[in-house]
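Chemist: take a look and give me a structure for this.
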Amino acid sequence: MAGMRNSYDRDYIGFATLPEQVHRKSVKRGFDFTLMVIGETGLGKSTLINSLFLGDLYKNRVVPSVTERLERTTQIEKKQMEIEERGVKLRLTIVDTPGFGDSINCEESWRTVVQYIDDQYRQFFTDESGLNRRNIQDNRVHCCLYFIPPYGHGLRQMDIDFLRRLHKKVNVVLVIAKADALTTNELKRLKANVLADLETHKIDLYQFPDCDSDEDEEFKQQDRELKESIPFAIVASSNLVEVGGRKVRCRTYSWGCVEVENPQHSDFIKLRRMLISTHMQDLKDTTQDVHYENYRAQCISQISQHAMRDRSKSKRESVSSNDTVSETDRLLLQKDEEIRRMQDKLVQMQEKLKTNTILEMNKKNDSVIDV
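Modeler: Next comes the predicted model:
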């Protein structure tokens with residue numbers, strides 16, 4: 001046994017502890033996550049957030065009167081809290097949008113939200129390009145919960161206009177609010193209509209990553225259930241009621257109660273599992289690798305084009321100031337113009353490639369569903 005142990009020790013290098021090193025470093029540093037919630041007043045956004053993270057972020061909120069709501073514009077309201085669970089710290093930022101959809105004219109409700117998302121990308125790009133890159137604070141929106149009212153037959157025109165401007169900038173997850181207002185058949189019909197509207201208007205929601213082949217069957221089943229539940233039908237409540245000898249969160253009616261964490265009553269458990277337990281890191285990775293990279297590529301392309309135009313303009317001015325134009329200067333100007341045209345074509349090709357990639361992913365998902 002001693003000889004075998006010595007042989008093992010000689011063959012052991014030690015890099016197998018790298019995951020443990022990364023884990024210790026990550027836990028020590030903590031994690032950041034920014035969640036944006038968008039929807040009309042009264043759809044239960046605050047209640048859902050309090051139920052998800054077991055806190056009370058809105059205890060000091062003042063509900064505006066009807067007259068004030070009609071004249072309100074969309075605003076940005078940030079709330080932060082630190083949560084610790086089993087030694088892991090999470091710095092959570094909730095970005096709320098009071099006033100969204102409350103006014104009579106809601107055509108410009110999207111502008112404030114889109115500007116805020118772009119501002120966070122711009123700030124991160126500026127910090128990333130600066131000298132002090134070690135302590136960059138990530139305030140980018142990693143996920144957006146968009147609330148759909150239970151009334152209606154699908155997405156409204158306001159919803160469609162907003163999502164078309166938002167779905168390429170942030171991970172969008174749709175939530176049907178106060179789903180206990182609908183019967184089972186009505187809820188199925190609403191979900192089908194919403195998915196049909198998304199496909200008609202080519203709106204992309206957050207795509208769950210496919211399971212690896214080596215995952216266990218239970219995890220694969222949970223992944224299938226999450227994908228089949230989109231959009232999530234939610235019932236939220238902060239009231240604890242004793243039912244069957246145990247305390248549960250539920251909405252109480254004269255005929256009984258609707259349990260928040262009962263899968264037969266609500267998709268709350270599935271939403272919480274997706275948002276916190278299984279896909280939080282993937283939401284952050286998708287924000288970094290897809291949405292932010294698209295914004296970063298556009299910024300670099302614009303900076304290059306502006307620099308090229310400024311250089312061409314300065315050269316033209318210097319050439320025009322001379323009486324004789326040398327053949328070398330003329331060739332340089334032609335080359336600059338050719339490079340500018342090539343850059344424009346490159347940007348067009350990148351947009352076309354991105355569109356084709358999205359179409360291929362949609363076809364792949366459709367084929368998987370058919371199978």
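
Chemist: so which residues of the stretch 1-150 of the chain form strands?
Modeler: Counting by DSSP state E, counting those that start in this stretch, the stretch 1-150 of the chain has strands at residues 31-38, 77-85, 88-96, 143-148.

Chemist: please work out which of those strands is packed deepest.
Modeler: Of all the strands of the stretch 1-150 of the chain, strand 143-148 has the most neighbours on average by mean count of other C-beta atoms under 10 Å, namely a mean of 24. All C-beta atoms are positioned from the backbone trio N, CA, C, and that covers glycine.

Chemist: what about that strand, average pLDDT?
Modeler: Strand 143-148 shows a mean pLDDT of 91.

Chemist: what's the domain layout of the chain?
Modeler: Recorded structural domains for the chain (assignment: automatic domain parsing) are 26-278, 294-370.

Chemist: how about the helices of the protein, start to end?
Modeler: 2-11, 18-29, 45-53, 66-71, 109-128, 157-166, 184-200, 217-228, 268-272, 280-286, 293-321, 327-370 (DSSP state H).

Chemist: looking at the domains of the chain, which is buried most?
Modeler: Looking across the domains of the chain with neighbours counted as mean count of other C-beta under 10 Å, the highest average goes to domain 26-278: a mean of 16.

Chemist: include distance to T112 when you put the strands of the stretch 1-150 of the chain into CSV, please.
Modeler: Putting the strands of the stretch 1-150 of the chain into CSV (distance: least, C-beta to C-beta, whole Å) gives the following:
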stretch, distance to T112
strand 31-38, 10
strand 77-85, 11
strand 88-96, 11
strand 143-148, 14
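
Chemist: in terms of mean pLDDT, which of these ranks lowest?
Modeler: By mean pLDDT, the lowest-scoring of these turns out to be strand 77-85, with a mean of 83.

Chemist: what is the orientation angle of that strand with helix 109-128?
Modeler: Interaxial angle of strand 77-85 relative to helix 109-128 (axes from the mean of the first three to the mean of the last three C-alpha atoms, to 10 degrees): 60 degrees.

Chemist: what helices and strands are in contact with strand 77-85?
Modeler: Contacting strand 77-85 under the criterion 3 or more C-beta pairs under 8 Å, 6 or more residues apart in numbering; DSSP states H and E are the following elements: strand 88-96.

Chemist: can I get the strand it packs on in CSV, CA atoms only?
Modeler: The C-alpha trace of strand 88-96 is given here as CSV (Å, rounded to 0.1, in the frame of the first residue of the first chain):
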residue,chain,number,x,y,z
VAL,A,88,-22.2,32.7,-0.7
LYS,A,89,-22.9,36.5,-1.0
LEU,A,90,-25.1,37.9,-3.7
ARG,A,91,-25.3,41.7,-4.4
LEU,A,92,-28.8,42.0,-6.0
THR,A,93,-29.9,45.1,-7.8
ILE,A,94,-33.6,45.5,-8.8
VAL,A,95,-34.3,48.0,-11.5
ASP,A,96,-38.0,49.0,-11.4
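
Chemist: ok, it: who's next to it in the sheet?
Modeler: strand 31-38 (parallel), strand 77-85 (antiparallel) (DSSP bridges).

Chemist: got the contact list for it?
Modeler: 27, 30-37, 45-46, 49, 53, 57, 76-84, 116, 139, 141 (C-beta atoms under 8 Å, 6 or more residues apart in numbering).

Chemist: distance between that strand and the chain's centre?
Modeler: For strand 88-96, the separation from the chain centroid amounts to 14 Å (computed by C-alpha atoms, centre = their mean, to the nearest Å).

Chemist: also stretch 137-145?
Modeler: The offset between the C-alpha centroid of stretch 137-145 and the centroid of the whole chain comes to 7 Å, using C-alpha atoms, centre = their mean.

Chemist: how near is H291 to Q281?
Modeler: To Q281, H291 is 15 Å away according to C-beta to C-beta, to the nearest Å.

Chemist: tell me which of these two has more neighbours.
Modeler: Set side by side, H291 and Q281 show more neighbours around H291, with 20 against 11, by other C-beta atoms under 10 Å.

Chemist: I'd say T286 and N171 touch.
Modeler: Yes: distance between T286 and N171: 5.7 Å, which falls inside the contact criterion (C-beta atoms under 8 Å).

Chemist: shared neighbours, these two?
Modeler: Residues within reach of T286 and of N171 at once, by C-beta under 8 Å, 6+ apart, are Y206.

Chemist: could you list the low-confidence segments of the chain?
Modeler: Counting by pLDDT under 70, the chain contains low-confidence ranges at 1-11, 13, 57-73, 101-108, 308, 310-335, 354-371.

Chemist: output the domains of the chain as TSV; include the columns distance to L18.
Modeler: TSV is the format used below for those (distance: least, C-beta to C-beta, whole Å):
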stretch	distance to L18
domain 26-278	12
domain 294-370	29
